[in-house]
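*Asks:* Sequence isn't available, so here's the structure alone:
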Ligand SMILES: NC(=O)C1=CN([C@@H]2O[C@H](COP(=O)(O)OP(=O)(O)OC[C@H]3O[C@@H](n4cnc5c(N)ncnc54)[C@H](OP(=O)(O)O)[C@@H]3O)[C@@H](O)[C@H]2O)C=CC1
Ligand SMILES: N[C@@H](CC=O)C(=O)O
């Protein structure tokens with residue numbers, strides 16, 4: 001190996017720009033750590049005419065992926081284009097050419113991770129993807145390396161910066177959903193198609209990656225139950241706040257007696273729980289290990305420089321591995337059999353908001369319906385219903401109940417005349 005490592009950068013948007021900036025600003029630090037000068041020698045884009053916020057020599061910018069993949073001098077490809085295709089094909093081709101890969105692409109890793117890792121191993125190449133989960137937080141490294149001496153039983157986190165930014169602004173500033181989403185897009189937090197942020201898919205991909213690594217199983221995206229925040233209303237948030245909760249989009253991966261559940265859904269988190277105070281674009285991941293107990297990782301979950309630091313930490317590892325001649329060794333392999341929980345095995349507390357007739361005896365009848373499903377109540381809040389004095393808002397918080405029983409009782413609520421409407425139902429976490 002000579003003293004220079006040439007890198008092909010696929011993508012020059014938010015994250016790619018950060019990569020170029022940091023390679024330049026930290027070149028001495030990278031040299032001191034690796035003994036090599038890192039140079040971005042080719043950049044793949046869609047539109048070479050686009051104005052860029054960082055200067056690069058136009059000679060190195062191309063629209064032809066072969067100029068990176070088949071350049072004998074390029075040893076590492078950083079893929080920060082996003083999406084499944086053509087990213088998957090380019091990476092597979094690059095691995096066949098012996099290139100090491102660093103990617104921030106969770107869409108790709110959550111769906112085709114196994115295939116890419118297998119291919120990389122066959123060709124003795126590294127494939128790292130720290131930036132794919134929780135932006136600047138080194139959570140993959142923590143789970144794969146730091147927890148290798150423990151058994152993880154729970155991973156719970158805020159792993160999408162865009163939705164956390166939206167929920168925080170809705171709650172603190174009563175801002176409208178659409179307005180805040182636009183801001184998150186301008187700040188470079190949101191995905192090219194922000195529906196995947198808002199509808200929870202981005203977080204689900206990240207939870208599939210974290211649970212695969214944490215529980216040593218092959219989790220697929222279809223194994224993750226997903227609900228986004230598009231139907232969360234300011235009223236829901238306010239009623240939750242009256243009861244001491246903060247609304248967050250929470251990813252949960254739990255393992256009980258070998259049975260696994262993984263979900264992403266809008267969740268009321270008790271204000272005393274550390275996740276309740278994670279605001280704006282910040283992410284946090286709580287990891288429970290049987291031996292260590294509770295741990296928590298916190299930091300910016302999206303954005304140019306935070307995400308670029310995660311990409312470049314992988315690059316530094318690749319360069320060190322090249323130097324030591326140990327590439328292709330450090331990829332986690334699933335060795336546990338995946339057994340998923342059924343609805344009757346998934347237990348949580350729930351927040352249920354109803355519009356009911358404002359009459360005596362209604363709460364007792366509702367409690368009776370719930371008791372038939374073995375659900376008991378921890379908290380009750382009754383508020384006037386603004387547009388009709390004969391109705392009331394009734395907010396119930398249950399004790400731990402199975403998801404199946406909750407679904408049964410919600411179905412039963414639809415069939416009684418003293419309940420006009422089930423307005424919302426959310427999981428509640430923290431403080432049990
Ligand atoms: N933004 C963030 O905060 C984070 C992003 N990520 C992930 O990082 C990746 C990149 O995200 P981000 O930087 O925000 O994305 P952007 O949309 O800002 O940038 C994408 C870049 O890829 C180029 N590109 C896209 N498709 C092609 C193609 N078919 N051929 C050639 N070039 C292509 C675009 O070219 P052109 O400029 O010419 O249009 C652009 O430069 C995604 O996988 C994302 O999920 C991960 C963590 C955080
Ligand atoms: N769109 C993502 C970007 C980082 O993964 C987010 O908002 O978290």
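*Replies:* Done, it's in. None of the values given here were measured: they were computed from a predicted structure. Numbering: from 1, shown residues only. Ligands and ions are numbered 1, 2, ... in the order given.

*Asks:* and the chain, which of its residues are near ligand 1?
*Replies:* 11-16, 44-47, 50, 80-82, 86, 104-106, 131, 135, 188-189, 191-192, 302-303, 307 (Cβ under 6 Å from any ligand atom). Every C-beta, even on glycine, is put in place using the N, C-alpha and C of the backbone.

*Asks:* ok, the closest residue to ligand 1 within the stretch 51-200 of the chain - contacts?
*Replies:* Using Cβ to the nearest ligand atom, residue 82 is the residue of the stretch 51-200 of the chain that sits closest to ligand 1, at 3.1 Å. By Cβ atoms under 8 Å, 6 or more residues apart in numbering, the residues touching residue 82 are 11, 13, 104-105, 107, 191-192.

*Asks:* repeat that for 6 Å
*Replies:* For residue 82, the contacting residues are 105, 192, by Cβ atoms under 6 Å, 6 or more residues apart in numbering.

*Asks:* what's the nearest residue to the closest residue to ligand 2 within the stretch 1-150 of the chain if we skip its chain neighbours?
*Replies:* For the stretch 1-150 of the chain, the residue closest to ligand 2 is residue 135, as judged by Cβ to the nearest ligand atom, at 5.1 Å. Leaving aside its sequence neighbours, residue 135 sits nearest to residue 301 (Cβ to Cβ, 6 or more residues apart in numbering; 4.3 Å).

*Asks:* quick one: pLDDT of that neighbour?
*Replies:* Residue 301 carries a pLDDT value of 94.

*Asks:* Kindly report the same for residue 431.
*Replies:* On the pLDDT scale, residue 431 gets 70.

*Asks:* what's the answer for residue 421, then?
*Replies:* pLDDT, residue 421: 97.

*Asks:* dump the residue contacts of it.
*Replies:* Applying Cβ under 6 Å, 6+ apart, the residues contacting residue 421 are residue 355.

*Asks:* What residues of stretch 413-422 count as buried?
*Replies:* For stretch 413-422, burial by neighbour count (16 or more other Cβ atoms under 10 Å) applies to 413, 419-420.

*Asks:* Sorry, wrong one. I was asking about stretch 53-62.
*Replies:* Buried-residue list, stretch 53-62, by 16+ other Cβ under 10 Å: 61-62.

*Asks:* Secondary structure element holding residue 29?
*Replies:* In this assignment (DSSP states H and E), residue 29 forms part of helix 27-34.

*Asks:* Toward the C-terminus from that helix, list the very next helix or strand.
*Replies:* strand 37-44.

*Asks:* What average pLDDT does that next one get?
*Replies:* Strand 37-44 comes out at a mean pLDDT of 98.

*Asks:* Residue 30 contacts residue 38, doesn't it?
*Replies:* Yes: applying Cβ atoms under 6 Å, one finds residue 30 in contact with residue 38, separated by 5.1 Å.

*Asks:* higher neighbour count, these two?
*Replies:* Each of residue 30 and residue 38 has its neighbours counted (other Cβ atoms under 10 Å); residue 38 has more, 22 against 19.

*Asks:* now the residue in the chain sticking out farthest from the centre: how far from residue 382?
*Replies:* For the chain, the residue at maximal distance from the C-alpha centroid (Cα atoms, centre = their mean) is residue 360, at 44.8 Å. Distance of residue 360 to residue 382, given as Cβ to Cβ, to the nearest Å: 12 Å.

*Asks:* cool, and residue 388?
*Replies:* Here residue 388 is placed at a distance of 14 Å from residue 382 (Cβ to Cβ).

*Asks:* Walking through the chain, point out its helices one by one.
*Replies:* 14-25, 27-34, 66-69, 87-96, 106-122, 139-141, 161-173, 177-186, 195-198, 201-215, 234-242, 304-324, 362-372, 403-413 (DSSP state H).

*Asks:* Show me what residue of the stretch 1-150 of the chain gets nearest to ligand 1.
*Replies:* residue 13 (1.8 Å).

*Asks:* ok, that residue - how many residues close by?
*Replies:* 17.

*Asks:* confidence score at the closest residue to it other than its chain neighbours?
*Replies:* Excluding the flanking residues, the one nearest residue 13 by Cβ to Cβ, 6+ apart is residue 80, at 7.1 Å. pLDDT recorded at residue 80 is 98.

*Asks:* go on, residue 387?
*Replies:* Reported pLDDT for residue 387: 90.

*Asks:* Just give me the neighbour total for it.
*Replies:* 6.

*Asks:* What are the buried residues along the helix holding residue 29?
*Replies:* 30, 34.

*Asks:* Now residue 426: closest residue in space that isn't a chain neighbour?
*Replies:* Residue 426's closest residue in space is residue 351 (Cβ to Cβ, 6+ apart), at 4.7 Å.

*Asks:* show me what contacts that neighbour?
*Replies:* Per Cβ under 6 Å, 6+ apart, neighbours of residue 351: 268, 397, 426, 428.

*Asks:* residue contacts, the first one?
*Replies:* This means residue 268. With Cβ under 6 Å, 6+ apart, residue 268 has these contacts: 240, 245, 247, 351, 426, 428.

*Asks:* Got the domain ranges for this protein?
*Replies:* 4-135+304-324, 139-300, 344-429 (automatic domain parsing).

*Asks:* Show me the one of those domains that comes nearest residue 334.
*Replies:* domain 139-300 (4.6 Å; Cβ to Cβ).

*Asks:* Start and end of that closest one, how far apart?
*Replies:* 12 Å (Cα to Cα, to the nearest Å).

*Asks:* wait, does that domain contact ligand 2?
*Replies:* Yes: counting by Cβ under 6 Å from any ligand atom, ligand 2 has neighbours in domain 139-300: 160-162, 189-191, 197, 202.

*Asks:* Give the buried residues for stretch 244-253.
*Replies:* 245-253.

*Asks:* all strands of the stretch 251-400 of the chain, in order?
*Replies:* 259-270, 282-289, 293-300, 347-357, 377-384, 391-398 (DSSP state E, counting those that start in this stretch).
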